[in-house]
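*Asks:* Pasting the sequence and the predicted model now:
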Amino acid sequence: MNDESVPRESGAGPAGQFELPHEINDIKSLDWNRVWREQFALRDFQKQDASFWDGRAASFAKIKETDYISRLISILQPEPHWTVLDMGCGNGALAVPLAKLVSSVTAVDFSRKMLAEVHKRCAVEGVSNVKTIHGGWEDDWEKLGIGACDVAVASRSLCVDDLQTSITKLGGVAGKRAYIVTVAGDGPRDRRLFAAIGRPFDPGPDYIYYYNLLYQMGIRANVEVIQERRNKTYHSIEEAVESSCWMFDDLTSREKDLIYAYFRERLVFHAGSWRLSRAQIVRWAVIWWEKE
């Protein structure tokens, strides 16, 4: 395990970063679920409730797919007889193409508008083996009708206060394997935009928290990092600005002007649309373990 897994000693890290007390010298002594909860409380994750994702469902439907899904599926190595749970399925970006390769997919999300996009995608692509369920991580899965499956996947969706309980639930329904995909490093937030408006950039906790918690739970997980190259296209500079505002809380008018200036300087027009002259690289850690 590399040095990323060991938090800095007290006083060594920036504000808001977990600091290891001097009297603790062994990473195994830490309660990683507590460490995660402390970090979670410092950030805006809890604001991303169902209404937040309802508001983003329409824009998600317009996003041009990168190779993230195909690369994730190549790691999953799906088999035709599998039953799969896609927990936190969003607009079906994984559930629908995966359904073409397996027996069935149960797609669960707490955003009704995201589930509506799943149904639309299924209709367009002629997929009939996707079952949708409206619900979330904190709900009673048995009451929701989330039953046993061969493989359970949480693709970029496991961001909850009680990480250990959710991991236990995900692994508990999987008969063969469980997968978690989460950020490695910066994640989808673009540090260049933060610099442009003069805000400090703190990517927050990433996959190493999950991995260390799994280790503490007695799970020896595998990890593979996917590099996703993002270069979105926009109909206008205004659309580019609006699509980036989700990264920030309480933008001032001056900060929004700086974001506008950032895009005005860096967007290039090609084949009828605008895109940044340099793509953003987003890294995702795919963590999985076999069920005994």
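*Replies:* Structure's in. What do you need?
*Asks:* my guess is Asn33 meets Gln164, correct?
*Replies:* Yes - in this structure Asn33 lies within contact range of Gln164 using C-beta atoms under 8 Å: 4.1 Å. (Each C-beta comes from the backbone N, C-alpha and C, glycine too.)
*Asks:* Residues in contact with both of the two, list them for me.
*Replies:* Each of Leu213 lies in contact with both Asn33 and Gln164 under the rule C-beta atoms under 8 Å, 6 or more residues apart in numbering.
*Asks:* pLDDT below threshold where in the protein?
*Replies:* Low-confidence segments of the chain (pLDDT under 70): 1-27, 44-65.
*Asks:* make it 80
*Replies:* Scanning the chain for pLDDT under 80 picks out 1-29, 43-66, 292.
*Asks:* Burial check on Leu42, number of neighbours?
*Replies:* Leu42 is flanked by 14 other residues according to other C-beta atoms under 10 Å.
*Asks:* Tell me the backbone dihedrals of it, please.
*Replies:* Main-chain torsions, Leu42, degrees, to the nearest 10: phi -80, psi -10.
*Asks:* What about Tyr210, how many residues nearby?
*Replies:* Tyr210: 23 neighbours (other C-beta under 10 Å).
*Asks:* mind checking which helix or strand Val35 is in?
*Replies:* Assigning secondary structure by DSSP states H and E places Val35 in helix 32-42.
*Asks:* by contact count, what packs against that helix?
*Replies:* When contacts are defined as 3 or more C-beta pairs under 8 Å, 6 or more residues apart in numbering; DSSP states H and E, helix 32-42 packs onto helix 163-173, helix 207-216.
*Asks:* got the angle between it and helix 207-216?
*Replies:* Relative orientation of helix 32-42 and helix 207-216, computed by axes from the mean of the first three to the mean of the last three C-alpha atoms, to 10 degrees: 150 degrees.
*Asks:* In helix 32-42, which of the residues would be classed as buried?
*Replies:* When neighbours are counted by 16 or more other C-beta atoms under 10 Å, the buried residues of helix 32-42 are found to be 32-33, 35-36, 39-40.
*Asks:* returning to what we had before: would you turn the helices and strands packed on helix 32-42 into a markdown table with distance to Arg191?
*Replies:* Shown next, in a markdown table, are the helices and strands packed on helix 32-42 (distance: least, C-beta to C-beta, whole Å):
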| stretch | distance to Arg191 |
| --- | --- |
| helix 163-173 | 25 |
| helix 207-216 | 18 |
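*Asks:* Determine which stretch of those is the most buried.
*Replies:* Counting by mean count of other C-beta atoms under 10 Å, helix 207-216 has the highest mean neighbour count of the helices and strands packed on helix 32-42, with a mean of 20.
*Asks:* other SSEs contacting it?
*Replies:* In this structure, helix 207-216 packs against helix 32-42, helix 163-173, strand 174-183, strand 280-290, with contacts taken as 3+ C-beta pairs under 8 Å, 6+ apart.
*Asks:* what's the closest of these to Pro97?
*Replies:* Evaluated with C-beta to C-beta, those place strand 174-183 nearest to Pro97, the distance being 14.9 Å.
*Asks:* In the closest one, which residues are buried?
*Replies:* 174, 177-183.
*Asks:* Please apply the same query to stretch 87-96.
*Replies:* The neighbour-count check on stretch 87-96 (16+ other C-beta under 10 Å) flags 87-96 as buried.
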